[in-house]
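Asks: dropping the sequence and predicted coords here.
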Amino acid sequence: MNFSLRFRAAVVSIVLFAAFLGIWHLATRGTGAVANMTPEYAKLMGLTATAGKSAMPGPLDVGAKLWEHLKQPFYDNGPNDKGLGIQLGYSIARVGLGYFLAVIVAIPLGFLIGMSPLISKALDPFIQVLKPISPLAWMPLALYTIKDSSISAIFVIFICSVWPMLLNTAFGVAAVRKEWINVARTLEVGTIRRAFTVILPAAAPTILTGMRISIGIAWLVIVAAEMLVGGTGIGYFVWNEWNNLSITNVIIAILMIGIVGMLLDQILARFTRMVTFPE
Amino acid sequence: MTDKFISIEAIARRYPGADGKETTVFENLWLSMNRGEFGCVIGHSGCGKTTVLNILAGLDQPSEGAVIVDGQAIEGTSLDRAVIFQSHALLPWRTVLGNVAYAVTSKWRNWDRAKVKAHAQTFIDLVGLTGSEHKRPSELSGGMKQRVGIARALSITPKIMLMDEPFSALDALTRGTLQDEVRRICLETGQTAFMITHDVDEAIYLADKIFLMTNGPGAVLAEIVENPLPKDRGRIDLHRHPLYYALRNHIVDFLVSRSKTFTATVTDHDPRNVPIVRPGKPELVVAAEAGNSIQASWPGLARPSTSS
């Protein structure tokens, strides 16, 4: 009985998952014929009416559909029928671009705020006001000024991922141990070299934590943003399938959003581990 | 006064207080040292020892006065003055070699990698860390970390080595070995060193001159004790030297009682000409001074003699 904790946890996870699937299956299965209908009428009404089947798809339906999607992730049959892979690809590309722009802006600016008390105090009111604004509230303004829905979505991603990175960078830079700064000072290390050789490595774990929070938020926001702008992307896919009344596809999309979000988070977590130093 | 290698001239340090008044940690402080000397400052917490060291290092600025090193007033930090920090202050993301090499490249920016590495290695060997070059600070014991700190400070071949209670966080055994190392290195290289300590024995073993500071705020440099023990003293038989206890008792007496009462009882104290004391020299007369009462409670011991 000396199984490792990891193994026992995996067993519990599998049991819970199986229980969830079982309950789901039981809750959505057909309960048998509920009303006598002529076959033509029954055909018209579908299983929901004839066999008491729930309108909610069961795990088997979702599984079958998922398999279909996985077999052909990149097909493209026109604007309203693209493979899941393509839709996810659009979303990831938008998140990647908006996030990358946010990194370019937030990290140098965060350095400046962290290193200069003057800039920190001067920018503080702006940050305090801008930070709590829901990223989607920017959407109309972005659409009006940029006049391109796709770039507007990227802008929304940029604006939502900039804050955690900015604040974490500023905090990490300001909180670098005084003694490390003093080491650099006694060695007459110039400001630029000090920023790269002492402050950056010392603040890197905090900065990466901010980046990790940002990628999570960006992935949350992209779904909502794509529902608004439409056209392509996993968010649009969800909304389109809702209009198609395909709950199965909606569930699959939800699952895929979760998995991609987890992967993005894991990538950043790995980077964080790479720059973390033991003390 | 012209041959002084380090000369602290009339420095003061004041902090703005909570009620608008200024708190003076110390003022009109004069202190000087010759080239190759080892100076130790002893005093209670809050007397401004660390502030003096930070000013000397250039990490802090005096509110008044100036510090002259090797004929030049100091402005800010300098590679001529290396600091060994109490908390070792190694960069944890760099290896031992990386930490020392960082200092070396800071001093000699155009050196190539191999030259930097060879130079850093020399000093890692000097402090006895050969074989641990590629370890990170987190893998080292407290004593080894401080050795790296010493190697880093020495690697830039400074004119002065400044140490802020470098061994206070270490256990007694490690502290002893590191004191030996520091003494050996300073004697071999003729290094000028300035150290802050709480440990009387450490000061007696290492220092040529011991600077006694009274309690702050308003701390003054009360006297300079010249170490009468021979240069070739060893840590093991230090306490057998006939003058050891006279010296030690003099410092302990100062720390226990005179550091509190000094400013009140000695009214004619001239901060520019701080009395130099050579404890236990029998040929010098015992100065009539506050402290005779203490002497009575310690019969049979040679009292320090004072001369200005």
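Replies: Nice, I can see it. Residues are numbered from 1 along each chain as shown, chains lettered A, B, ... in the order given.
Asks: so where do the strands sit in chain B?
Replies: Applying DSSP state E to chain B gives strands spanning B:6-16, B:22-33, B:38-42, B:64-69, B:72-73, B:81-84, B:160-164, B:192-197, B:209-213, B:221-226, B:276-277, B:306-307.
Asks: list the buried residues in the longest one.
Replies: Read it as strand B:22-33. Of the residues in strand B:22-33, B:Thr24, B:Val25, B:Phe26, B:Glu27, B:Asn28, B:Leu29, B:Trp30, B:Leu31, B:Ser32, B:Met33 count as buried by neighbour count, 16 or more other Cβ atoms under 10 Å in any protein chain shown. To be clear about C-beta, it is placed using only N, CA and C from the backbone, and glycine gets the same treatment.
Asks: just checking, what packs against that strand?
Replies: strand B:6-16, helix B:49-57, strand B:64-69, strand B:209-213, strand B:221-226 (3 or more Cβ pairs under 8 Å, 6 or more residues apart in numbering or on different chains; DSSP states H and E).
Asks: just name the most buried of these.
Replies: strand B:209-213 (a mean of 24; mean count of other Cβ atoms under 10 Å in any protein chain shown).
Asks: looking at that strand now, give me its mean pLDDT.
Replies: On average, the pLDDT along strand B:209-213 is 92.
Asks: the residue of the stretch 151-300 of chain B found nearest chain A - how many residues pack around it?
Replies: Taking Cβ to the nearest Cβ, chain A has its nearest neighbour within the stretch 151-300 of chain B at B:Ile156, 7.1 Å off. Neighbours of B:Ile156 under the rule other Cβ atoms under 10 Å in any protein chain shown: 23.
Asks: mind listing what it touches?
Replies: The contact partners of B:Ile156, by Cβ atoms under 8 Å, 6 or more residues apart in numbering or on different chains, come to A:Leu187, B:Leu79, B:Ala82, B:Ala103, B:Val104, B:Ser106, B:Lys107.
Asks: can you rerun that using 10 Å?
Replies: Shown in contact with B:Ile156 (Cβ atoms under 10 Å, 6 or more residues apart in numbering or on different chains): A:186-188, B:78-82, B:100, B:103-104, B:106-108, B:119, B:123.
Asks: highest neighbour count among these?
Replies: Neighbour max across the contacts of B:Ile156 (other Cβ under 10 Å) = B:Val100, 32 neighbours.
Asks: I'd guessed it sits against B:His134; true?
Replies: No: B:Val100 is beyond contact range of B:His134, at 12.0 Å (criterion: Cβ atoms under 10 Å).
Asks: so what's the residue count around the one residue in the stretch 1-150 of chain A that gets nearest to chain B?
Replies: Going by Cβ to the nearest Cβ, chain B is nearest to A:Pro117 of the stretch 1-150 of chain A, at 16.7 Å. A:Pro117 has 10 neighbouring residues, counting by other Cβ under 10 Å.
Asks: hang on, it packs against A:Ala174?
Replies: Yes: the pair A:Pro117 and A:Ala174 qualifies as a contact (Cβ under 10 Å) at a distance of 8.5 Å.
Asks: so which of the contacts of B:Ile156 comes closest to A:Phe7?
Replies: Nearest to A:Phe7 among those is B:Val100, at 45.2 Å by Cβ to Cβ.
Asks: on the pLDDT front, check the closest residue to that closest one other than its chain neighbours for me.
Replies: Nearest-residue entry for B:Val100: B:Ala120, 4.0 Å, with adjacent residues in sequence omitted and distances by Cβ to Cβ, 6 or more residues apart in numbering or on different chains. Per-residue confidence (pLDDT) for B:Ala120: 95.
Asks: nearest residue to A:Ala195 in space, please, no chain neighbours.
Replies: With Cβ to Cβ, 6+ apart as the criterion, A:Ala195 has its nearest non-adjacent residue at 6.5 Å, and that residue is A:Phe111.
Asks: which residues sit in contact with A:Gln275?
Replies: Wrong residue type there; residue A:275 is Val, not Gln. A:Val275 sits in contact with A:Leu200, A:Pro201, A:Ala203, A:Ala204, A:Pro205, A:Thr206, A:Ile207, A:Leu208, B:Trp93, where contact means Cβ under 10 Å, 6+ apart.
Asks: from A:Pro278, how far out is the residue nearest to it when sequence neighbours are not counted?
Replies: Ranked by Cβ to Cβ, 6+ apart and with sequence neighbours excluded, the top spatial neighbour of A:Val275 is A:Ala204, at 3.9 Å. A:Ala204 sits 14 Å away from A:Pro278, going by Cβ to Cβ, to the nearest Å.
Asks: so which residues of chain A form helices?
Replies: A:5-28, A:39-45, A:47-50, A:59-71, A:84-115, A:117-130, A:139-146, A:149-174, A:178-186, A:191-194, A:200-229, A:234-243, A:247-275 (DSSP state H).
Asks: in the longest one, which residues are buried?
Replies: If I follow you right, that is helix A:84-115. Buried, per 16+ other Cβ under 10 Å, within helix A:84-115: A:84, A:86-92, A:94-95, A:97-99, A:101-103, A:106-107, A:109-115.
Asks: now do stretch A:263-279, average pLDDT.
Replies: 94.
Asks: and if you look at stretch A:66-80?
Replies: pLDDT averaged over stretch A:66-80 gives 89.
Asks: which residues does that stretch contact?
Replies: A:59, A:81-89, A:230-232, A:236-237, A:240-241, A:243-244, A:248-249, A:251-253, A:255-256.
Asks: just the buried residues from those, in ChimeraX please.
Replies: Here is the ChimeraX selection string for the buried members of the contacts of stretch A:66-80, based on 16+ other Cβ under 10 Å:
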select /A:59,82,83,84,86,87,88,89,232,236,237,240,241,248,249,251,252,253,256
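Asks: OK, contacts around B:Ala57?
Replies: Contacts of B:Ala57 by Cβ under 10 Å, 6+ apart are A:182, A:185-186, B:67, B:74, B:76-78, B:81-83, B:85, B:160, B:162, B:164, B:194.
Asks: closest one of the residues you listed to B:Val127?
Replies: B:Ala82 (13.4 Å).
Asks: that closest one contacts B:Asp164, correct?
Replies: No: assessed by Cβ under 10 Å, B:Ala82 is found out of contact with B:Asp164, at 11.8 Å.
Asks: can I get stretch B:186-206 in PDB, CA atoms only?
Replies: Coordinates of each C-alpha in stretch B:186-206 appear next as PDB, following Å, rounded to 0.1, in the frame of the first residue of the first chain:
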ATOM      1  CA  CYS B 186      45.500  41.300   5.000                       C
ATOM      2  CA  LEU B 187      49.000  40.700   6.300                       C
ATOM      3  CA  GLU B 188      50.200  39.100   3.100                       C
ATOM      4  CA  THR B 189      48.800  41.800   0.800                       C
ATOM      5  CA  GLY B 190      49.200  44.700   3.100                       C
ATOM      6  CA  GLN B 191      45.600  45.400   2.700                       C
ATOM      7  CA  THR B 192      44.100  48.400   4.400                       C
ATOM      8  CA  ALA B 193      40.900  47.300   6.100                       C
ATOM      9  CA  PHE B 194      38.100  48.900   8.100                       C
ATOM     10  CA  MET B 195      35.800  46.700  10.000                       C
ATOM     11  CA  ILE B 196      32.700  47.000  12.200                       C
ATOM     12  CA  THR B 197      32.200  44.400  14.800                       C
ATOM     13  CA  HIS B 198      30.400  43.700  18.100                       C
ATOM     14  CA  ASP B 199      32.900  41.000  19.000                       C
ATOM     15  CA  VAL B 200      35.700  42.300  21.300                       C
ATOM     16  CA  ASP B 201      37.900  39.300  20.700                       C
ATOM     17  CA  GLU B 202      37.600  39.600  16.900                       C
ATOM     18  CA  ALA B 203      38.700  43.200  17.200                       C
ATOM     19  CA  ILE B 204      41.700  42.300  19.400                       C
ATOM     20  CA  TYR B 205      42.700  39.600  17.100                       C
ATOM     21  CA  LEU B 206      42.400  41.500  13.800                       C
END
